[in-house]
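> Sequence first, then the predicted structure:
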Amino acid sequence: MKKKLISGLLCATMASALFAGCGGSSETGSDASGESGSSAAGGTITIMASQDWIEDSEQELGAKFEEETGIHVDYQILPADQYQDVLLTRLNSGEGPDIFMAQSGFAIDTTYKVQENAVDLSNEPWMSTYSSFSAEQTSVDGKNYGMTYYDTTTDYYMIYNKKIMEAAGVTSVPTTFADFEAACQKIMDSGVTPIYEPVADGWHQTMLWTANAQVMDKEDPGIIDKLNNNETTFAENETMLTALTQLNDLAQKGYFGDNYLSDEFANAEGYLASGEYCMCFLKPGAIASIVANENNAGYTEDDFGIMLLPICDNQYLNVHPTGPSKFIYSGSANIDAAKQYLEYISSKDSIQYVIDNASDVENLPFDAGQTPEYSATTEEFLGSFDDATSGMVLQDVCKYYNEQWMDISANIASMFIGDMTPQEVLEAIDAGRAQLAEAAGDPNWQ
C-alpha cells in the first residue's frame, strides 16, 4: 500500500495520523451486577466490559492464562445500554473491577478520570510494541493508562453483495445519496431487503451517521474546533441536519426492512449469507464469516464488496483508531495480577491467536511481529484512499459526544418511529454536551 494514511491503517505500527471507536461475546463469567467470587490477590481478577467488546478468542486466552499462572479471569459482560452507568457508579463508589474497559479518547480524562481511577502503565513491557497512535488515545498528560485491544486499523464500512446488486440492475457502486437510494429501491423491487440495520442492540444505528460525518469537516474546515470551543452547536449545522434526515429517510422508505427495530447485530452475518439482505455496516473481516456462515446460499468472498455509505454524498474514508480499551483500577487489590494479564494478551502469540480466531479482527494495534489477515478486498478498498480523501470519525474529534453514544442511539431510534425529529435529536446532543462539559469544568462552557 503506497499511500501514507492507508499504509498506516494496514501496518502493525499504524504509522499515520489516526485516532478510535466500537467486538465479541455476550457471555458473562459472573453475576452482571459486578460482584465477583474471590478477589484474593493472585487468585482472581475481574474484567468488566460492555457487550461485544471482548472477543471469544480473548476469553480463550484467559483460560490459557489461568492454566499458566493460576490466576482466574472473571469476565463481567454487561448490556451496552447499561454499561457506562454501572461502571461510573462502581468507580465513584470506590468499588471498581480490577480491569475496566472504556472507549479511548477524550472521555478517559473528562468522564472516567483515569488519573484518579487507573494505574499508570507507561513503563509496562508491552509499551515497546504498543501503537504510539493508540497510546495517544489512552494517555493523559503524557502518561499512558490503558491498552486498546481492538482492531482500530479498520473501521465499519458498508459490506454489500455484488451478485444481488447486479441482479437488481445496479451497475455501479453508488457515490451520492440519491444514487444510493435509487440502488436501494431497485434492490427492494427485486425482492431483497437492501440494508440489515440492527437497532435493537442500541449502538449500531449511530455508526451510520458518525462514520460519514467526516465530510462535514472537509466541507466546512474548522467546524470541529468551533464545536469543541462551544462557538457553535450541532443544531445550527445544516450538514448534521441533512445527515440525520437522510438516515431517517432510509428507514421510512423501508430499506431497513420490517423488523429493523428488533433486529440484532449477532444475526447480521447470517442474513447476508442467506441473501435475504444485500448490505450491512460491518468490519471488512466479516466477509469471511459471512461466507463461512451455515446460512450461506452459495456465495464466495469475491461476491462481496466494500463501499462507503454516501450520507451527505460522503466519499471520504472514515478513520477510527480509538476503541474499547483496558484500564487497571487504581483501587484494585490485584494490580500485579492485572498487569500480568495485560502482558500476556499483548504477546506476539496471543495477538496472533486473536487475529486468527476472531472473524472481525484483521490486526491489533501492536507491532509484536504478528501477521495481519487483511483480505485482498480490504487492501484494495483502503488503498483507494489517501490523506486528502480520509477523515476522522465524529466521535474521535468532537468532545462530549462519544459519552452520549447510547442516548444518541436511543434518540435516533425515536426519530425512526416518529417520536423525535432530526432537529430534536441534534438539540438533545447539544444539551448533553453542555452537561458533560460543565461537569468536566470545561472553561468554554462557563
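Sure, I can see it. Residues are numbered from 1 along each chain as shown.

> Do I have it right that Pro284 meets Thr378?
Yes. If you go by C-beta atoms under 8 Å, Pro284 and Thr378 touch, sitting 4.2 Å apart. Using the backbone N, CA and C atoms, a C-beta is placed for each residue, glycine as well.

> any shared contact partners between these two?
154, 306, 362 (C-beta atoms under 8 Å, 6 or more residues apart in numbering).

> Number of residues surrounding the closest residue to Leu227 other than its chain neighbours?
Excluding the flanking residues, the one nearest Leu227 by C-beta to C-beta, 6 or more residues apart in numbering is Cys398, at 5.5 Å. Per other C-beta atoms under 10 Å, the neighbour tally for Cys398 reads 23.

> and the gap between Cys398 and Pro97?
29 Å (C-beta to C-beta, to the nearest Å).

> Next: Phe177.
In terms of C-beta to C-beta, Phe177 sits 43 Å off from Pro97.

> So between those two, which is more surrounded?
The residue with more neighbours, out of Phe177 and Pro97, is Pro97; 28 against 21, by other C-beta under 10 Å.

> isn't that one right next to Met48, touching?
Yes. Using C-beta under 8 Å, Pro97 is in contact with Met48, at 4.0 Å.

> number of nearby residues for Glu276?
Residues near Glu276, counting by other C-beta under 10 Å: 16.

> which residues does it contact?
192-193.

> all helices for the stretch 201-350 of the chain, in order.
204-210, 214-219, 223-228, 238-252, 268-274, 286-292, 335-345, 348-357 (DSSP state H, counting those that start in this stretch).

> quick one, which of those helices is packed in tightest?
helix 204-210 (a mean of 23; mean count of other C-beta atoms under 10 Å).

> And the strands in the chain?
For the chain, the strands defined by DSSP state E cover 44-50, 72-78, 99-103, 139-140, 143-144, 146-148, 157-161, 193-195, 277-282, 304-307, 317-319, 324-328, 390-392.

> What does the pLDDT read for the residue nearest to Leu227?
Looking at Cys398, its pLDDT is 94.

> who's in contact with it?
224, 227-228.

> Recalculate using a threshold of 10 Å.
Shown in contact with Cys398 (C-beta atoms under 10 Å, 6 or more residues apart in numbering): 105-106, 210, 213, 216-217, 223-224, 227-228, 234, 392, 429, 433.

> Can you convert those residues into JSON lines and add a column each for pLDDT and distance to Ser409?
Below are those laid out as JSON lines (pLDDT from 0 to 100; distance: C-beta to C-beta, whole Å):
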{"residue": "Gly105", "pLDDT": "91", "distance to Ser409": "17"}
{"residue": "Phe106", "pLDDT": "89", "distance to Ser409": "19"}
{"residue": "Thr210", "pLDDT": "94", "distance to Ser409": "10"}
{"residue": "Ala213", "pLDDT": "92", "distance to Ser409": "15"}
{"residue": "Met216", "pLDDT": "91", "distance to Ser409": "19"}
{"residue": "Asp217", "pLDDT": "88", "distance to Ser409": "22"}
{"residue": "Ile223", "pLDDT": "96", "distance to Ser409": "23"}
{"residue": "Ile224", "pLDDT": "95", "distance to Ser409": "21"}
{"residue": "Leu227", "pLDDT": "97", "distance to Ser409": "20"}
{"residue": "Asn228", "pLDDT": "96", "distance to Ser409": "22"}
{"residue": "Phe234", "pLDDT": "97", "distance to Ser409": "15"}
{"residue": "Met392", "pLDDT": "91", "distance to Ser409": "20"}
{"residue": "Ile429", "pLDDT": "98", "distance to Ser409": "11"}
{"residue": "Arg433", "pLDDT": "97", "distance to Ser409": "16"}
